[in-house]
Structure formats: C-alpha cells, structure tokens
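A.B. asks: Task: produce atomic coordinates for the following.
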Amino acid sequence: MTTGSRYRQLRLTFLLWLGCMGALTGAYAQRASGFIPINRLGVSYQRAIGIDLGLIAYNTLYGSQERSFYDISLGVESIFARQFALVPKLNVDVGIRSSLFDAATIGGGFDVGWYMDFPDGNWRITPKAGITLGSIFRLYYGYHHYASNLVPSRTSRHRISFELNIAAFHDFKIGM
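C.D. replies: Below is the predicted model of the structure:
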C-alpha cells in the first residue's frame, strides 16, 4: 500500500468516524461568551503529526439558538517531523449553523503563525474549512502559505486537523 492510499484510507476512516459520532450524539455548543484559558487540543497531519494547544481564547455565540460561533485564540502547534518545529500562532475560527443535522456547523477560519524549525523560521498563514459538531469536535482542511515559497522539509502544504474545543464543555457563565 502506497503512502498516498494509506493517507486517503486514514482520511476516509476518520471522516466516517466523525460522521457517526455526530449522528449518534446530541452535542451543543457552550452557552456563554468570554475569555477561556486552555481552550483547544488538536491533532493534525501534514506529512508529519502535529499537536495543537490553544492557550487562551475569546469565544462568543450568536444567531438562532446561539449555535453559530466565532473565536479568536492564541496557541502553539508542535510538529513532529524529522526536524521538530514549533508554531506560535493566532487562530480565528467561525462556525455557521448548518442544516445537515441539528448540532453541525460549517466551520472555517485561518491561522497566522511563525514556523520555527530551529534555527530557521518563516511566517505561515493557513486558511481552513471544515465541519464542527456542536463546536466541540472540529475537523478542518487547511492549506499552508509560507512567506518564502519554500515548504519546510518533511511537511506538506496540506493539513488535516481534528480539534477538541475544550471551551465547549463549560456550561457556566465565563464572560463579564
């Protein structure tokens, strides 16, 4: 089995699992707005595995029954390629209520970060789009654009990420 077919099989399995979880659970987004520490934990694949940790965010809900959201957060992504890399970054995420099923939103946004693979660094912006389930589970596809056109070795411009929005588990007033 080639690497490309393994990647497609992994993607398909993950999408099926995510769809089944969404169909079986009645997840709803958090009911408050405000600042939230440690707001996100994610896993990404970009020809290398990455771990994404959101350190602080401002999140708000709006729209019909408060099922649409936006949040702005600061975080760091660690990429475990041949050359370890850190990416301190600013994330902007938006979700708009979908008619697919009750808890789904169409999500998207972008990340802006400084890719550091020691000793080198490069600015990176990543537009992303995907689906969220109750703002708790987020599955995104992103495409990296680097300030210098060179892609770091052992990574790719394409990223698939799965995020757990820890902020969605807060069911109490978190803003002022």
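A.B. asks: Buried residues in stretch 62-79, which are they?
C.D. replies: 66-71, 73, 75, 77, 79 (16 or more other C-beta atoms under 10 Å). (C-beta placed from N, C-alpha, C; glycine too.)
A.B. asks: closest to Gly113 among those residues?
C.D. replies: When the buried residues of stretch 62-79 are compared for distance to Gly113 (C-beta to C-beta), Glu77 wins out at 7.0 Å.
A.B. asks: wait, that closest one sits on Asn91?
C.D. replies: No: using C-beta atoms under 8 Å, Glu77 is not in contact with Asn91, being 9.5 Å away.
A.B. asks: Overlap of the contact sets of these two?
C.D. replies: Asp111 (C-beta atoms under 8 Å, 6 or more residues apart in numbering).
A.B. asks: In the chain, what residue spans correspond to helices?
C.D. replies: 3-24 (DSSP state H).
A.B. asks: where are the low-confidence patches of it?
C.D. replies: 1-33, 63-67, 100-101, 168-176 (pLDDT under 70).
A.B. asks: let's go with 50 and repeat that
C.D. replies: 18, 20-30, 171-176 (pLDDT under 50).
A.B. asks: now the strands: where do they sit in it?
C.D. replies: 34-45, 49-62, 68-80, 85-97, 104-116, 121-133, 137-143, 145-146, 158-165 (DSSP state E).
A.B. asks: quick one: contacts of the first one?
C.D. replies: It stands for strand 34-45. 7, 10, 49-60, 71, 73, 75, 77, 79, 91, 138, 159-167, 170, 173-176.
A.B. asks: Between strand 85-97 and that strand, find me the angle.
C.D. replies: Calculated by axes from the mean of the first three to the mean of the last three C-alpha atoms, to 10 degrees, strand 34-45 forms an angle of 110 degrees with strand 85-97.
A.B. asks: next one: the last one
C.D. replies: Between strand 158-165 and strand 85-97, the angle comes out at 70 degrees (the same axes, to 10 degrees).
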